Structure formats: C-alpha cells, structure tokens
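1. from the sequence below, what's the structure:
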Amino acid sequence: MKKRRSQHWYGKLDKDGFIHRSWMKNQGFPDHAFDGRPIIGICNTWSELTPCNSGLRDLAEGVKRGVWEAGGFPVEFPVMSLGETQMKPTAMLFRNLLAMDVEESIRAYGIDGVVLLGGCDKTTPGQLMGVASVDLPSIVVSSGPMLNGKYRGQDIGSGTDVWKFSEAVRAGEMTLQDFMSAESGMSRSAGVCMTMGTASTMASLVEAMGMSLPTNAALPAVDARRMALAHLTGKRIVEMVDEDLKPSDILTKEAFENAILANAAVGGSTNAVVHLLALAGRVDVNLTLKDFEIGSEIPLLVNCMPSGKYLMEDFCYAGGVPVVLNELKPFLRPAKTVLNKDISAHYEGAECFNTDVIRPFNDPVKPAAGLRVLRGNLAPNGAIIKPSAAADALLETEGEAFVFDNIEDLKANIDREDLPVTSESILVLKGCGPKGYPGMPEVGNMPIPAKLVKEGVRDMIRISDARMSGTAYGTVILHVSPEAQAGGTLAVVKTGDRIRVSASSGELELLVDENELEARRAAWQPDDPHYTRGYAKLYIDHVLQADQGADLDFLVGKDTRLVTRESH
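-> Presented below is the predicted three-dimensional model:
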C-alpha cells in the first residue's frame, strides 16, 4: 500500500518521528492512533466574531465521530474566520488571506484529507481556494442557514428586509422604533443568512459542483440532520483518502459550468462570479466571464429572497438543491463528485414537496434569469448584472450619469434634498474596486437618493466597481473592470455624461467621444492608497481585477509538493 502523507510525520522511527508523536500524545492519543490510519484535518472557521459560523464547533464533533467510525484519526485546527457582518473595511479584503492560511496550514501539517467547516460568505470560497492549491482529498460541511426571521407574525429575511426596512424609514413609511423592533427577530439561531445570499449561494454551488454530500446547502444550522450530515461527511472523507479522490478530480470545467447553471436557477449571488473565477485559477481551469453566459437563459426556479418571497428554511423543506439539479438535468454536464460518482447521483430520486418554493422548469419564477455579462467602453473587461433581482423596465435604457467619486462622497451627499438627480439618472460610484477601497466591498447597491425615496422611487440604475450583498436587489451593475483605481474608463466618468445599458445585448457604453476620453485619461491620477503597510499593502500591490477573480497574482495555481525539511 502507498505510504500515506501523514506517515512522513508520524511513521518515522527516529528523532523527528519521536517529536511529532510524543507532543501529540500530550492530548491523550494512544499509540495505535499513529499506526498509519488516515489522519483527517478538520479545518474550522468557528468564531464568536463570525455569527454565521457559531455552530461549527458542534459540527466538528459530528465530523470526528464519523472519522473515528471509519477508522481515521480526526484532528481539528483553526484558520482565520471572516465575519461578513462584522469586519471593516470588508471581509473580501481578507478572503485571500484566509486562503493562504488554509493552504499553508494543510501543507505544513501531517494530514491526509481535509473536512472544510465554513459558511459565512468568504469562508467557503477562501477555504476551497486554499485546499485546491494543495490538492489533498477534501470535502465541505457548511454551517447551514439560520431559521426564518420573524417580525409581527411575518417571515423576514436577513439582508433583503434590512434594505427594505431601511428605505422605508428614510421614506417616512416605517418608524425608527419599528425598525429597531425588527432587529430582534431577524437572526433567531446560529447559521448564515436565511435568504439566498452569498453564503447560501456558495453552499448551493458547492453541492452542485459535487464538493459536499447531497442536502448540505439547505439544512438549517440547528436541524439535527445537519449534525448527521457532518457525521456522514467524516466517514466519507476517510474513504476519499483511500480512493485518492482529490479536488482536481472534482473541480473540472464541467463542474464549474454546473455551478453557473445552478446559480442561475437558484437566483444566486453575483459574488459567485468572483469566487468561482478565483477557485478556477487555483485548479488551472480556464474559466472566464464569457463562460457565465451559459446561465443567462436558465430560468429562476427557486422562489427565495432576494429574487422571490421564501427563505432557506422553506427551500430545505421543499427539497433543496437536489430538486433544482433534477430540474436542470438536461443541461448538467457529467462530472465526478465526492461520492466518486457522477453528479446525477446527487439528485437521483429527488422529489419536490412545494412547487411554489421550487418551481418546475416549465413554470419558473422568472424566465432567462441568469447573471448577464455586460461589456463596452465603460467596462472593457466586463461587468455583471443580476436580472432576477432587477426591474425589467430598467434593463434596457439610456440616461445621464450622476457621479460619486468615493464612498465618503456618496454618504455625505446621497440624502441632500437638492441633489440634482431624477429617477432616470444613473448613479455611478468610483473607488470601490479591489485596489481602490481596498477589497471590493458590498456597496454597489447604493441607496436611492432620499428625495427620490420620498417620491416613491425604489429602484434606479447604479454602476460601480464594487460588489453587492447576495441578499441585495435592484438594477445594479457591478464588478466594472478595470476598476477606477486601476485606470479603467470608470475613473473618468463625469456627472452629465450619458450611459447606455442593454442587458439583452450585453452592452455598457459611456456615450462620450473617444478623443474627449483620451484627454480625460491623460489628466487622471490615481488616488493615494488607503494602506501602506501590512497585508493590505500586499493585497493592493498584487490583487487581480474582478474579471480574474480578485485573487492575488502569486497565489494562482497550486503546489502539491510534500514538504521534506524538518524543523529540528
């Protein structure tokens, strides 16, 4: 039998082997734990500063039970935890740092396979990016969504209803006291957003790509079946080590295409684009923005906020991702999964228990609802829009730009009663891309100007180099590439310029003469960077643009070599 990776640490009968084993034994592990059985690392992003992941400490125990049952040796280790709702300036700034933490922790320690415990928006892609660059057998257990929010007897959804309530307060339609009362009923249990935000989107796509066991995405965090799933995952990773089934075997071009199709069907987050692009770069899969166009004609099947009316708890009870994949089966590509079977094994026999929550393919929530890629002189390398969360009437339009030079400009002026904008104006925000903010924050769904909110306006076209929360909605054009700070055309847009948008033809054009644009570019200077030391400086100096996944340039690809040098 091939010598396991862990035996290079624990199987040596010399000074180094003595040191590795003896220090582990101070935790009470007996001799036979080091007899050559698979050592399984449980990569845990639990943190009290990441509320979404607060249940992962318990799930780790379930994984351990399964690993022991299958004859493995589980060892839990922590990595950086990214609390989407708690971190400033944005958790996205640190996604790549988490990926580095995961990659180097796995590479440095004597483990044979990995269970990734994540959930909050950036933890799942960050962990996957890290493990893909080491390419050890790996599998995901997500933290799962919270229970449905409740307010005055009605279901409310994290993020989505926060934006709605906030606008209602600004419009004078909801009192501040009522707004604060809703806060207590919004987050009722451990888990991620119970809307189809980025966290639940990424969990759904992990399942669609075959990197988790079936039903992983939608089981509520506090549902006993999630603990059972963790146990089964612990058993399965031991088998995967024996089969030498690695991420590179699963994360193929076909798997990414299945994820794109699934993202369209579930009404998934625009953030999936940058995460899938970055992950593809780690496994040497040639994925580009153009590939996302395969999902543009896929209908919206999942009737969940922000694109619908239900929540993740309802999605679970209706049948979850297996039902969606079953509806998509004529379009899905053959692809291997963690079960060492084709993706069809993930949805075989799936049954829908509520056809209003998960619609059949021939009766969708919305037709042709997948993400659209826009290009033109304003976004030569592409931009993204989510039609399922947008107003149809705004998807084909031309209007006059009103420009905010940075987030401080927007916050200082958006509520001015004399702001010279109308409902036909196009709001443009600069300086919020990967380099500019830095970290590409979720501020792309700019507030509607206060004077227009009071007139009843609830949507208008907004364009930026930022991202938006997967729980957000509106006619929002995001990820404009190149970003303003990198000298993209966005940097030289001026208030009063006219912009044409066509989602159907994928067009985003600044209607300014090219000679004028060249003159503006010649006079333009980038803003001073917000950070000049530490990780943030490293990030600014090396981050790729949004159309390449915003990974760091020196992290693309992988290094699967065994570390042979000892520390003593």
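2. what number of residues lie near residue 222?
-> 17 (other CB atoms under 10 Å). Quick note: C-beta positions are derived from backbone N, CA and C, even for glycine.
3. not counting sequence-adjacent ones, nearest residue to it?
-> residue 189 (4.8 Å; CB to CB, 6 or more residues apart in numbering).
4. residues touching the one you found, list them.
-> Contact partners of residue 189, counting by CB atoms under 8 Å, 6 or more residues apart in numbering, are 146, 147, 220, 221, 222.
5. OK, contacts around the third one?
-> If you count contacts by CB under 8 Å, 6+ apart, residue 220 has them with 144, 145, 146, 147, 189, 191, 226, 312, 313, 316.
6. shouldn't the second one be in contact with residue 222?
-> No. The pair formed by residue 145 and residue 222 falls short of the contact definition of CB atoms under 8 Å, at 9.8 Å.
7. find residues that contact each of these two.
-> Common neighbours of residue 145 and residue 222 (CB under 8 Å, 6+ apart) are residue 191.
8. quick one on the thing from earlier: nearest to residue 383, of the contacts of residue 189?
-> residue 146 (31.4 Å; CB to CB).
9. neighbouring contacts of stretch 155-173?
-> By CB under 8 Å, 6+ apart, stretch 155-173 touches 146, 148-151, 174-176, 179, 182, 185-187, 193-195, 197, 305-306, 310-311, 415, 445, 447-448, 450, 453-454, 456, 458, 469-473.
10. please repeat the previous calculation with a cut-off of 6 Å.
-> 148-149, 174, 179, 182, 186, 193-195, 197, 305-306, 311, 450, 453-454, 469, 471-472 (CB atoms under 6 Å, 6 or more residues apart in numbering).
11. end-to-end on that stretch?
-> 19 Å (CA to CA, to the nearest Å).
12. before we move on, back to that, closest one of the contacts of residue 189 to residue 83?
-> residue 146 (14.4 Å).
13. residues near the closest residue to that closest one other than its chain neighbours, how many?
-> Once flanking residues are discounted, residue 146 sits nearest to residue 191: 3.8 Å by CB to CB, 6+ apart. The number of residues packed around residue 191, counting by other CB under 10 Å, is 31.
14. kindly report the same for residue 134.
-> Neighbour tally, residue 134, other CB under 10 Å: 22.
15. I'd say it and residue 104 touch.
-> No. Counting by CB atoms under 6 Å, residue 134 does not reach residue 104; the two are 8.8 Å apart.
16. which of the contacts of residue 189 lies closest to residue 438?
-> After measuring these against residue 438 - CB to CB - the closest member comes out as residue 146, at 29.8 Å.
17. quick one, what contacts residue 490?
-> 430, 465, 480, 484.
18. mind checking how far residue 52 is from residue 99?
-> Counting by CB to CB, to the nearest Å, the separation of residue 52 from residue 99 is 18 Å.
19. then residue 488?
-> Residue 488 is 25 Å from residue 99, by CB to CB.
20. the two: who's more crowded?
-> Set side by side, residue 488 and residue 99 show more neighbours around residue 99, with 28 against 22, by other CB under 10 Å.
21. which residues touch the helix or strand hosting that one?
-> Per DSSP states H and E: residue 99 is located in helix 95-108. Outside of helix 95-108, the residues within contact range by CB under 6 Å, 6+ apart are 79-80, 82, 114, 122, 126-127, 129-130, 133-134, 535, 552.
22. sitting in helices, which of those residues do you find?
-> Taking DSSP state H, the ones among those that sit in helices are 126, 127, 129, 130, 535.
23. for these, pick the one with the most neighbours.
-> residue 126 (33 neighbours).
24. which one is that residue nearest to, not counting chain neighbours?
-> The nearest residue in space to residue 126 (CB to CB, 6+ apart) is residue 98, at 3.5 Å.
25. let me know the secondary structure of residue 41.
-> Of the three states, residue 41 takes strand under DSSP: H, G, I helix; E, B strand; the rest coil.
26. quick check, it in contact with residue 115.
-> No. Here residue 41 does not reach residue 115: they are 7.3 Å apart, not a contact under CB under 6 Å.
27. same drill for those two, tell me which one is more crowded.
-> Neighbour totals were compared for residue 41 and residue 115, and residue 115 leads with 29 against 25 (other CB under 10 Å).
28. bridging residues for the more buried one?
-> residue 42, residue 139 (DSSP bridges).
29. give the contact list for it.
-> Per CB under 6 Å, 6+ apart, neighbours of residue 115: 42, 63, 139, 237.
30. of those, closest to residue 393?
-> residue 139 (44.4 Å).
31. right, and that closest one touches residue 239 too?
-> No. Under the criterion of CB under 6 Å, residue 139 lies out of contact with residue 239, with a separation of 10.1 Å.
32. more neighbours: which of the two?
-> residue 139 (28 against 18).
33. might you report the residue contacts of the more buried one?
-> 115, 233, 237, 338.
34. from residue 206, how far out is it?
-> Counting by CB to CB - residue 139 and residue 206 are separated by 9 Å.
35. confirm residue 383 sits in a helix?
-> No. Using three-state DSSP, the secondary structure at residue 383 is strand, not a helix.
36. my guess is it contacts residue 480, does it?
-> Yes. Using CB under 6 Å, residue 383 is in contact with residue 480, at 4.6 Å.
37. okay, the two: which has more neighbours?
-> Of the pair residue 383 and residue 480, residue 480 is the one with more neighbours under other CB under 10 Å, namely 33 against 27.
38. pretty sure the more buried one sits against residue 382.
-> No. Look at residue 480 against residue 382 with CB under 6 Å: they stay out of range, at 8.3 Å.
39. just curious, which of the contacts of helix 95-108 is nearest to residue 500?
-> Using CB to CB, the contacts of helix 95-108 come closest to residue 500 at residue 122, 33.6 Å.
40. how close does that closest one get to residue 87?
-> Applying CB to CB to residue 122 and residue 87 gives a distance of 9 Å.
41. now swap in residue 216 and tell me
-> Counting by CB to CB - residue 216 and residue 87 are separated by 25 Å.
42. now the element after the top strand by length along the chain, going C-ward?
-> Taking DSSP state E as the assignment, the strand of the chain that covers the most residues is strand 396-404. Later in the chain than strand 396-404, the nearest helix or strand by DSSP H and E is helix 407-413.
43. where along this structure do the strands fall?
-> 39-44, 73-78, 113-118, 138-142, 149-151, 154-156, 372-376, 379-385, 396-404, 426-429, 462-464, 476-478, 498-502, 507-510.
44. just want the angle from the first one to strand 138-142.
-> Just to be clear, that refers to strand 39-44. Orientation check (axes from the mean of the first three to the mean of the last three CA atoms, to 10 degrees): strand 39-44 against strand 138-142 gives 30 degrees.
45. show me what strand 39-44 is in contact with.
-> 6, 56, 60, 63, 67, 72-79, 111-117, 237.
46. off-centre distance for that strand?
-> 22 Å (CA atoms, centre = their mean, to the nearest Å).
47. what angle separates it from strand 73-78?
-> Using the same axes, to 10 degrees: strand 39-44 against strand 73-78 is 30 degrees.
48. let's test this: mean pLDDT of strand 39-44, rounded?
-> Averaging pLDDT along strand 39-44 yields 98.
49. residues contacting stretch 558-568, please?
-> Outside stretch 558-568, the residues touching it (CB under 6 Å, 6+ apart) are 16, 133, 135, 282.
50. among those residues, which ones are buried?
-> Among the contacts of stretch 558-568, those classed as buried by neighbour count (16 or more other CB atoms under 10 Å) are 133, 135, 282.
51. can you redo the residues you listed as CSV with pLDDT?
-> Converted to CSV, the buried ones among the contacts of stretch 558-568 look like this (pLDDT from 0 to 100):
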residue, pLDDT
133, 98
135, 98
282, 98
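52. quick check, nearest of those to residue 399?
-> residue 282 (39.4 Å).
53. wait, what's in contact with the residue nearest to that closest one when sequence neighbours are not counted?
-> Residue nearest to residue 282 in three dimensions, not counting chain neighbours: residue 132, with 4.0 Å by CB to CB, 6+ apart. Residue 132 is in contact with 247, 282, 283, counting by CB under 6 Å, 6+ apart.
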